[in-house]
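> Got a sequence here, can you model it:
(chains A and B)
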Amino acid sequence: KAGVTQTPRYLIKTRGQQVTLSCSPISGHRSVSWYQQTPGQGLQFLFEYFSETQRNKGNFPGRFSGRQFSNSRSEMNVSTLELGDSALYLCASSLGLAGRTGELFFGEGSRLTVL
Amino acid sequence: GQQVMQIPQYQHVQEGEDFTTYCNSSTTLSNIQWYKQRPGGHPVFLIQLVKSGEVKKQKRLTFQFGEAKKNSSLHITATQTTDVGTYFCAGRIQGAQKLVFGQGTRLTINP
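The predicted structure follows:
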């Protein structure tokens, strides 16, 4: 079966702009979680969506937002981009809530560079 | 906040040497998962431990979950160059609704 698909894979933005990233989970998976990965900072949890509802949220400013559609596809948006937002953004899908029903399946990630 | 601490942050070994990474939580975990991320890749699930004191093996990899369900370890026997990557633990805090990742241990190997 198809894996988790993230688009775009790479993008370059300038400070102050906004960006929207997309994640298509594995068919049948209802949970999508988003993580920010920067060198030396590990995987920082952004938020998790399950059945179109945000179930968990990490410690990120309100500039970071997300949503999930009825087909479980998810988007995350970052507004007013800052240099520090440069990172690899990973999404992961799972059948149920993350960590409760088994493994997370990660996408290849979207690498964002802010200039 | 609720954290899962992982040590060491980096480990460099000679090929054939053993490697261990440790995960510690200040609160009890419902379960713990381990992931491996190859350089330039994305995290891939290795295993999940649920029971107190559980030990699971996958070839040269041994995973343990502490009796108090607050710590876990991953041990690799006789490392090979294919073991290179960053190993993450991820614990679900009891009563909480999210999975918390450790900072990861980056393993490099001298062939």
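
> residue boundaries of the strands in the chain?
All of this is about chain A. Taking DSSP state E as the test, the strands found in chain A are A:5-7, A:10-13, A:19-24, A:31-38, A:42-50, A:53-57, A:64-68, A:74-78, A:87-94, A:105-106, A:110-114.

> My question was about chain B, not that one.
Under DSSP E, chain B gives strands at B:4-7, B:10-14, B:19-25, B:29-37, B:44-49, B:55-58, B:61-65, B:71-76, B:85-93, B:99-101, B:105-110.

> Who does the second one pair with, and is each partner parallel or antiparallel?
Pairing partners of strand B:10-14, with direction, according to DSSP bridges: strand B:105-110 (parallel).

> now the angle between strand B:19-25 and the strand it pairs with, please.
170 degrees (axes from the mean of the first three to the mean of the last three CA atoms, to 10 degrees).

> Need the contact partners of strand B:105-110.
Strand B:105-110 is contacted by residues B:6-15, B:19, B:21, B:76, B:79-81, B:83-87 when judged by CB atoms under 8 Å, 6 or more residues apart in numbering or on different chains. In this view, the C-beta of every residue, glycine as well, is placed from N, C-alpha and C.

> Show me which of these are buried.
B:6, B:11, B:19, B:21, B:76, B:79, B:83-87 (16 or more other CB atoms under 10 Å in any protein chain shown).

> re earlier: including mean pLDDT, could the strands of chain B go into CSV?
Formatted as CSV, these follow (pLDDT from 0 to 100):
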stretch, mean pLDDT
strand B:4-7, 94
strand B:10-14, 97
strand B:19-25, 97
strand B:29-37, 95
strand B:44-49, 96
strand B:55-58, 98
strand B:61-65, 98
strand B:71-76, 98
strand B:85-93, 94
strand B:99-101, 89
strand B:105-110, 96
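
> can you tell which of these is closest to residue A:66?
strand B:99-101 (16.4 Å; CB to CB).

> just checking, residue B:19 touches residue B:75?
Yes. Using CB atoms under 8 Å, residue B:19 is in contact with residue B:75, at 7.2 Å.

> where in chain A is pLDDT low?
For chain A, the stretches flagged by pLDDT under 70 are A:1, A:99.

> I figured residue A:36 hits residue A:46, correct?
Yes. Taking CB under 8 Å as the definition, residue A:36 is a contact partner of residue A:46 at 5.9 Å.

> Run through the residues of chain B sitting next to chain A.
B:1, B:6, B:9, B:30-31, B:33, B:35, B:41-45, B:48, B:88, B:90-92, B:97-104 (CB under 8 Å from any CB of the partner chain).
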